[in-house]
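**Student:** A structural model of the following input is requested.
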Amino acid sequence: MSKKNNLAKRKNQYEFDLRREKQEKENKQKKLQAKQNKMKVDGNDKKRKKGASGFQVGKRRVKTRMTALAKAKAAQAMELDK
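**Tutor:** Here you go, the predicted structure:
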């Protein structure tokens, strides 16, 4: 009987292969989970909407929201028109 056909060696090799495949599958799943969690955390930080606070023109920030003083002046001007 040859060494390759030894039942104990084949059984041990089969169990070793099963353990290795299971370990590889677990590692792959952990990496995928970590990648998904990282994407969730990073995705929220990067995707901010500028909205009504203003927008960038060159190096200067242009405000689109009116301050309280500007609103008061506008209201006063509207009263004069009436």
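
**Student:** buried residues in the strand or helix carrying Ala70, which are they?
**Tutor:** If you go by DSSP states H and E, Ala70 is part of helix 68-81. Residues of helix 68-81 classed as buried: none (neighbour count, 16 or more other Cβ atoms under 10 Å). (C-beta placed from N, C-alpha, C; glycine too.)

**Student:** which other helices and strands contact it?
**Tutor:** Taking 3 or more Cβ pairs under 8 Å, 6 or more residues apart in numbering; DSSP states H and E as contact, there are no helices or strands that helix 68-81 lies on.

**Student:** quick one, what contacts Lys35?
**Tutor:** Contacts for Lys35 (Cβ atoms under 8 Å, 6 or more residues apart in numbering) come out as none.

**Student:** what's the distance between it and Lys28?
**Tutor:** 11 Å (Cβ to Cβ, to the nearest Å).

**Student:** looking at the helix or strand in which Gln36 is found now, give me its mean pLDDT.
**Tutor:** For Gln36, the enclosing helix or strand under DSSP H and E is helix 7-46. For helix 7-46, mean pLDDT is 84.
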